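>>> here is my input, please return the structure:
(chains A and B)
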Amino acid sequence: MAELTFPRKQLALFLSGMNLMIIQFVMIRSFSSILAGTEIVVMIVTLSFFAGYSVGYFCSDQISVTVFKIASVLVLALHLTLPFSIRYLSGCLFGQGAALLTLLTAIFVSAFGLSSYYSLLLPRFIAQEGRESVGGFYRQEMIGVLAGLFFIFASTLFPSGSTGLMVVYLLSLVAILHCLWRSKVLLAVACSLVLVYIGLAPQLEAGSVSYLYSQRSGNNLRWIFSADTPYQRVEILEGPDQAKALYLDGMRHYGGDSLSDYNHYVSGIPASLLSKPAVLVVGSGSMNAVHDALPYGSSVDTVEIDKVVVESGRIYLREKPDAATEALLREKWTLNVDDAKHFIKNTPKQFDMVVLDVAGPLQMQVALLYSKEFFEIVSEKLTDDGILCLSLNGQLMGKSITASRITATLLSVFRNLYVIAPPNSSSFAIAGNRIPFGRAELLQALARRGFFKTAVVDLPAAEAMLISKDIITKERMDIVPNRGIERLIHNYFREHN
Amino acid sequence: MIETFFVFIAGFFFAFLQFSFFFTLESNVSSAGLTYLITSVCWLGGAAIGLSIRRPVAVKYEHLMIASGVAGFYLVGLLVRWRPFDNAYFFIYAPLMVLSSIYAGYFFNSFRGHFNKVKYLFFWENNGFMFGIISSFLAVSFIGQSYLIWILAVSGGAVAGLRSWFSFQDQSK
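Have a look, this model is predicted:
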């Protein structure tokens, strides 16, 4: 290494910057899926990743050239197995009931196996070239990080982008190692291994995702689709009964009876009580909220930030891909790929019904959709009789703080509200200033769909059930860390240990 | 010891500033990937510009860089409140973010001679950066975005004050 030329050092730093960005993206997506990525989990993995930089910086002058070269080989060997090996390992640990160990492995791998190697380079090179090289060398690494960002966003535009991104990453790692080794034999071996990686990646992706989810759930699940997008990891799996489920960052977003009923409660039933409503569905993983509203609505708009979710939902999750639904989609449905806040604020349209078909407030950008400010924007675009329908992410009758806080937030914007309370799952709310139907009509509509045990709570009763009146605002997003920590304790410190 | 503290606080300030931009734009303009991309590219671009300033500049110019960083955030904060959810103003936000991160790059050139080994500069700055990431997340979650203004002013002031102190020490030698 001592004899490395200055331009080679610059190249190695550029490539290490690029790889740091790429591997951070790949592993945050992978660990989000493995650990069910709440904002807290993403924060833990991100911090572990940054801790790896510190480890590398600190150790940069404490390891010999020989040890460094051996470490390089080990890093290449480990990284050639990513992200599949992490899934197999985590699946194995989940299968043994060692959930906490899975979390600790994620932290350990992030801190010591991913980022630390790259951060060894910069201080070593500066120590060799003198302090004046700080600016030039560090700038090279920054430009590499920018290049990494470019490759990440480019990869999300293509169906096999995740594999393509890993191939760019591995080739870049091989180039770094070639700068250090300058051995044509090792270069040929490393390039051959990358070719093997390209050949095996599709089977390993399917196999590792199936194994992870099967071990975690205890059911035999089969991989159907997966993609890393700028927003999340999207995965679709099929169970033994052929039922498909959509997972966003490892959390089931659609699939299973309770989640199928969700669409009836927030979309089909309220739409059936309105006269030819103009409907907006915010988020649309399974497309079932759209399908439920289509027969009743004059128009149905979907706003979805992540195009991959809509496209994969349309291809893999349609329950009844019949000609009539296709015709209704062509006639009435419009897809808007945008952030919901941005879209609703800027659209000239008015809606009779807005359906919030999004995940729970476990991540900051989703939690903003449960804030007072967002409900105010929705309120501006609702007609006088317009309604907002959403899940309360907990049982209001079961003293859920989240359900109470979302209800309180709704009541800070809307004058009226009904809570739909199924016996064993989350409650749902229909809020508006002048809701054009009453409790009795809602109960009848529920009964028509077979929900005989589902209760409907009116405004005074709902207010009496609130155990917290803390509203969610942009200035008070504590619901995100609070729920994230609750989940973390439940998943890793209580249930399995 | 004081060098370590200064570098740690600087790392904290850089993380807090970067994440403040991100949270502010995400909640007031759009959570779309483009917001993250523009914020990241501008921040890295500004830092790369700062790293390109190799000749030492007077401390007053370093103060100016720090003040521009904080002022850049304040301006973006005002603009997004004036024009919420309007992507059209990214052409103003982008240069302000570049301006704000110049010191995050220049800082390494400015302070590279203060440790016996340069690795400690990166090590402690990175530790401060991690502390800044956690703090900004907790601040946004528990005390609200309005307080970002005060935390940035105080941490920016601390960085500027400590930088002056080191300059004074250097001149005394």
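>>> any low-confidence regions in chain B?
Scanning chain B for pLDDT under 70 picks out the ranges B:173.
>>> how about the nearest residue to B:Leu34, chain neighbours excluded?
Using C-beta to C-beta, 6 or more residues apart in numbering or on different chains and skipping the chain neighbours, the partner closest in space to B:Leu34 is B:Asn87 (7.8 Å). In short, each C-beta sits where N, CA and C put it, glycine included.
>>> equivalent analysis for B:Ser20, please.
In space, B:Ser20 is closest to B:Leu148, 4.6 Å off (C-beta to C-beta, 6+ apart).
>>> hmm, B:Phe23 and that neighbour touching each other?
Yes. Assessed by C-beta atoms under 8 Å, B:Leu148 is found in contact with B:Phe23 at 7.4 Å.
>>> find residues that contact each of those two.
B:Ser136, B:Val140 (C-beta atoms under 8 Å, 6 or more residues apart in numbering or on different chains).
>>> up against chain B, what does the stretch 51-200 of chain A have?
The stretch 51-200 of chain A comes close to chain B at residues A:51, A:53-54, A:57-58, A:60-61, A:119, A:122-123, A:126-127, A:131-132, A:134-136, A:138-139, A:142-143, A:145-146, A:149, A:153, A:156, as judged by C-beta under 8 Å from any C-beta of the partner chain.
>>> please apply the same query to the stretch 201-350 of chain A.
Neighbours of chain B within the stretch 201-350 of chain A, by C-beta under 8 Å from any C-beta: A:Thr229, A:Pro230, A:Tyr231, A:Ile305, A:Asp338, A:Asp339, A:Lys341, A:His342, A:Lys345, A:Asn346.
>>> you'd agree the residue nearest to B:Leu34 is up against A:His342?
Yes. Between B:Asn87 and A:His342 a contact is recorded at 7.1 Å, counting by C-beta under 8 Å.
>>> neighbour count for those two, which is higher?
Each of B:Asn87 and A:His342 has its neighbours counted (other C-beta atoms under 10 Å in any protein chain shown); A:His342 has more, 23 against 18.
>>> ok, that one to B:Ala10 distance?
Separation of A:His342 from B:Ala10 (C-beta to C-beta, to the nearest Å) stands at 34 Å.
>>> what helix or strand is A:Ser226 on?
strand A:222-228 (DSSP states H and E).
>>> show me what counts as buried in the helix or strand encompassing A:Val209.
Assigned by DSSP H and E, A:Val209 falls within helix A:184-217. Within helix A:184-217, the residues that qualify as buried are A:186, A:190, A:194, A:197, A:201, A:204-206, A:208-216, counting by 16 or more other C-beta atoms under 10 Å in any protein chain shown.
>>> other SSEs contacting it?
helix A:84-95, helix A:161-181, strand A:222-228, strand A:233-238 (3 or more C-beta pairs under 8 Å, 6 or more residues apart in numbering or on different chains; DSSP states H and E).
>>> which one of these is the most hemmed in?
Across those, the average number of neighbours (mean count of other C-beta atoms under 10 Å in any protein chain shown) peaks for strand A:233-238, which reaches a mean of 24.
>>> ok, residues contacting that one?
A:29-30, A:32-33, A:37, A:209-210, A:213, A:221-228, A:244-250, A:306, A:308-309, A:312, A:316-317.
>>> overlap of the contact sets of B:Asn87 and A:His342?
Shared contacts of B:Asn87 and A:His342, defined by C-beta under 8 Å, 6+ apart, comprise B:Val29, B:Ser30.
>>> could you check the pLDDT of A:Leu259?
On pLDDT, A:Leu259 comes in at 60.
>>> oops, could you answer that again for A:Phe84 instead?
94.
>>> A:Thr229 now?
92.
>>> contacting residues for the closest residue to it other than its chain neighbours?
Closest residue to A:Thr229 apart from its sequence neighbours, by C-beta to C-beta, 6+ apart: A:Val308 at 4.7 Å. Counting by C-beta under 8 Å, 6+ apart, A:Val308 touches A:Thr156, A:Ala227, A:Thr229, A:Val234.
>>> name the nearest of those relative to B:Ile143.
A:Thr229 (31.3 Å; C-beta to C-beta).
>>> and stretch A:301-314, what's buried?
By neighbour count with 16+ other C-beta under 10 Å, stretch A:301-314 contains the buried residues A:301-306, A:308-314.
>>> pLDDT value on A:Gln232, please?
90.
>>> show me the contacts for it.
Counting by C-beta under 8 Å, 6+ apart, A:Gln232 has contacts A:Arg29, A:Ser32, A:Gly37, A:Leu248, A:Asp249, A:Asp306.
>>> do the same with B:Trp165
B:Trp165 touches B:Ile2, counting by C-beta under 8 Å, 6+ apart.
>>> element containing it?
helix B:146-172.
>>> quick check: buried residues in that helix?
B:Leu148, B:Ile151, B:Leu152, B:Ser155, B:Gly156, B:Ala158, B:Val159, B:Ala160, B:Leu162, B:Arg163, B:Phe166, B:Ser167.
>>> distance of the first one relative to B:Phe22?
Right, B:Leu148. From B:Leu148 to B:Phe22 the distance is 11 Å (C-beta to C-beta).
>>> then the last one?
Computed with C-beta to C-beta, the distance linking B:Ser167 and B:Phe22 is 31 Å.
>>> likewise the second one?
From B:Ile151 over to B:Phe22 the distance is 15 Å, taken as C-beta to C-beta.
>>> pretty sure A:Ile489 sits in a strand.
No. Going by DSSP: H, G, I helix; E, B strand; the rest coil, the assignment for A:Ile489 is helix, not a strand.
>>> just give me the neighbour total for it.
Neighbours of A:Ile489 (other C-beta under 10 Å): 11.
>>> which ones are touching the residue of the stretch 351-497 of chain A found nearest chain B?
At 3.3 Å from chain B, A:Glu475 is the closest residue in the stretch 351-497 of chain A, using C-beta to the nearest C-beta. Each residue near A:Glu475 by C-beta under 8 Å, 6+ apart is listed here: B:Gly144, B:Gln145, B:Ser146.
>>> filter the residues you listed down to the ones close to chain A.
B:Gly144, B:Gln145, B:Ser146.
>>> save these as CSV, and put in distance to A:Ser426 too.
Below are these laid out as CSV (distance: C-beta to C-beta, whole Å):
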residue, distance to A:Ser426
B:Gly144, 27
B:Gln145, 29
B:Ser146, 32
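>>> which of these lies closest to chain A?
B:Gly144 (3.3 Å).
>>> was I right about that closest one contacting A:Lys474?
Yes. In this structure, B:Gly144 is within contact of A:Lys474 by C-beta under 8 Å, at 7.3 Å.
>>> helix/strand/coil for A:Asp261?
Per three-state DSSP, A:Asp261 ends up helix.
>>> for A:Thr325, see how far away it is.
Distance from A:Asp261 to A:Thr325, by C-beta to C-beta: 19 Å.
>>> same question, B:Tyr147
For B:Tyr147, the distance to A:Thr325 - C-beta to C-beta - is 49 Å.
>>> I'd like the next helix or strand past the worst-scoring helix or strand of chain A on mean pLDDT.
Here the helix or strand of chain A ranked lowest by mean pLDDT, DSSP states H and E is helix A:257-263, holding a mean of 70. Per DSSP H and E, the first helix or strand lying C-terminal to helix A:257-263 is helix A:269-272.
>>> which residue would be the closest one in the stretch 151-300 of chain A to chain B?
Among residues of the stretch 151-300 of chain A, the one nearest chain B by C-beta to the nearest C-beta turns out to be A:Pro230. It sits 3.4 Å away.
>>> contacts only, for that residue.
A:Ile152, A:Phe153, A:Thr156, A:Asp306, B:Gly33, B:Tyr36, B:Leu37.
>>> again, 6 Å this time
Contacts for A:Pro230 (C-beta atoms under 6 Å, 6 or more residues apart in numbering or on different chains) come out as A:Thr156, B:Gly33.
>>> now swap in A:Ile28 and tell me
A:Val45.
>>> any idea how far it is from chain B?
As judged by C-beta to the nearest C-beta, to the nearest Å, A:Ile28 and chain B stand 13 Å apart.
>>> up against chain A, what does chain B have?
B:27, B:30-33, B:40, B:44, B:47-48, B:51, B:54, B:85, B:108-109, B:112, B:118-119, B:122-123, B:126-127, B:130, B:141-142, B:144 (C-beta under 6 Å from any C-beta of the partner chain).
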